Every structure is written in structure tokens, then in C-alpha cells.
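S.K.: what shape does this take:
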Amino acid sequence: MDILSELLFGLRNTLAFGLFSGAAGLVIGVITGLVSAWTGGWVDALLMRTADVVLAVPAVMVLILLAAFFQPSAPVLALALALLAWPTTAKAVRAQALVIKSSLHIQAARHLGGSGAYIIRRHLVPELFPLYLISFAAKTRGAIFMEASLAFLGLFDPGRKSLGMMIHFALKYYYLDIWLNWLLPPIVVLSLLIMSATFLAVGLEKIFDPRLKELL
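M.R.: Alright, predicted model coming up:
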């Protein structure tokens, strides 16, 4: 297989891992944050304390141990990363949902007999949409970097092409004259991919966060 073909296959797998993990983490975080904000009481306290515990768990070490001892497939590792990455989204969604929950149009909807499920679906979910974009971009970036790191350490199936795996194998053959031709393309593509996700997350935050708008 030539380098370009391997690069395209690796880019597809790395990007798919990042998108799947980012989307799964976003869904879990949004649902948890909305339920916590709307329900309140002991449910809110339990969900937020759970989020604090998960935040304290080192995701890198957990994924390395999972990959090393159980050798799961890439989708399973992506889901495991999502289960460790949802608390930041949940806390952000909860904070914004509490602000919207106390607004006049939400109070009016409740007085008119709107159920909790209707208000969440009709008002809270759409009004928090900008937050979803920012969180998804940030989580996808982190998942891409994590996938590349695990592949570089050789913790994925060697037959699965990815940018990190290309870097891993290129460094093993450093004594050959052509190793740079194999090493530089995945490094450049991976760097551009992570930079693009980073700039997208920062740009979306500047667009949708009014506090940042005042500083511009």
C-alpha cells in the first residue's frame, strides 16, 4: 500500500474515532445536564457528584489499561472515552439550563400547563444549541489526540490503519532512508486536524459567548 492510500485510510479511522466519541460524550453530557437542571434536589446533587468523581478519574490511564489488558475494538474505546468525558458538558449545560429555566417564557410555559418533557424538548434543548457545537468540537479534538496517542503506543490492532499507527511504525524503521517520507505526512495531517478542531471550538465560543464578544 502506498503512503497516500495509507494516509487516507488512517485519516478516516482517526476522524471516525474522534467524531463518534465526541458525539457520544455530547449526548451523555447534554441529557445528564438537562435532567440535573430541571429535576433539582437529590437527583441534581447525585448527578453532579457523579460528574465530579468521573472528572477525577485519569482518562488516559483508564484507556491505556483497557487497551493493554482487554484489547477492545476502536468503537468500544471511543465509547469508553465518551463515558469519561461527559462531565464537562453536563456541568456547562446544567449551568445554562438553570439560567433559562428561571426566564419568563419558561415560567409562562409552566403556568400554562406545559409538562417538563415538553418544555425541555421545545425550549431548553433548542436554546442551548450553540453550547452543543462548542462542546462537540472540543471533545472531538480531545478524542482525535487520544486515539493517535493510543495508536502510537501500539495499543490498537496493528492491522487497523490510523495516523498514530503510521507514526508508530515509521519510528520503528528510523534506520531506513525513507522513514521521513512515512513519518512527516501523518504528523502534518494530525497536527492540522487537531488545530482545525481547536480553532473551530475557539471560534464558536467567541461567536456564541456574549462575555467574549464584549472583550473583542
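S.K.: which residues touch S162?
M.R.: G10, N13, T14, F17, E147, A148, A151, F156 (CB atoms under 8 Å, 6 or more residues apart in numbering). From N, CA and C alone the C-beta is placed, and that goes for glycine too.
S.K.: how about those in JSON lines, adding distance to V99 and secondary structure?
M.R.: As requested, the contacts of S162 are exported to JSON lines (distance: CB to CB, whole Å; DSSP: H, G, I helix; E, B strand; the rest coil):
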{"residue": "G10", "distance to V99": "43", "secondary structure": "helix"}
{"residue": "N13", "distance to V99": "40", "secondary structure": "helix"}
{"residue": "T14", "distance to V99": "37", "secondary structure": "helix"}
{"residue": "F17", "distance to V99": "34", "secondary structure": "helix"}
{"residue": "E147", "distance to V99": "35", "secondary structure": "helix"}
{"residue": "A148", "distance to V99": "37", "secondary structure": "helix"}
{"residue": "A151", "distance to V99": "41", "secondary structure": "helix"}
{"residue": "F156", "distance to V99": "42", "secondary structure": "coil"}
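S.K.: just send those residues back as CSV, with pLDDT too.
M.R.: What follows is the contacts of S162, written out as CSV (pLDDT from 0 to 100):
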residue, pLDDT
G10, 84
N13, 89
T14, 89
F17, 93
E147, 90
A148, 88
A151, 87
F156, 81
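S.K.: can you give me the helices for this protein?
M.R.: Assigned by DSSP state H, the chain shows helices spanning 3-39, 41-56, 59-69, 74-101, 104-111, 116-119, 125-127, 129-152, 163-172, 179-208, 210-215.
S.K.: which one of the contacts of S162 is nearest L171?
M.R.: When those are ranked by distance to L171 (CB to CB), A151 comes first, at 12.2 Å.
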